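S.K.: Let me see the structure of the following:
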Amino acid sequence: MSNCPICQAEFTKGECDRCAKCGWDLTPYPASVTPDIRPIILSKERVKVAWAKRLWTTLRSQQDELRSASNMIQQLEQETRVLQSHLTQISSSFNPHASPES
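M.R.: As a prediction, the model looks like this:
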C-alpha cells in the first residue's frame, strides 16, 4: 500500500489513477522520461505537491470550522425552541382579564 502525497489516504499503486479522498492524480511518470528532464519534472512536482498540501490543509480546516459553526447553529435553534416553549407556557398561564386583588 502507498499513501497519497496530499491527504495520506492509502491506495494500491497501479489500481487507481486518482486518490479517492482528495482527487490527486496518482499516475506515475513514465519510465521513458529522460535523465536530463527528470530533475525538472521532480522540481515542478515538489512545488505542486507542496501547494496541494497547503490547499488540502486549508480546506480541511475550513471544513472543521463549518462543522463547528453548524453545530453551534443547531444548539442555538434547540435553545430557541426551548425558550419559545417556556414563553408559550408563561403566556398561557398569564390571564390579563383577571381582576386585581384588593
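S.K.: quick one: the residue nearest to the spatial centre of the chain from residue 3, how far?
M.R.: By Cα atoms, centre = their mean, the chain has its centre lying nearest to residue 63, at 2.6 Å. As judged by Cβ to Cβ, to the nearest Å, residue 63 and residue 3 stand 20 Å apart. (Glycine included, C-beta is placed from N, CA and C.)
S.K.: gap between the helix or strand harbouring the residue nearest to the centre of the chain and the chain center?
M.R.: Following DSSP states H and E, one finds residue 63 within helix 38-93. In this view, helix 38-93 has its centroid 6 Å away from the chain centroid, taken as Cα atoms, centre = their mean, to the nearest Å.
S.K.: Please shift the residue numbers so they start at 44 in all later answers.
M.R.: With 44 as the first residue, the last one maps to helix 81-136.
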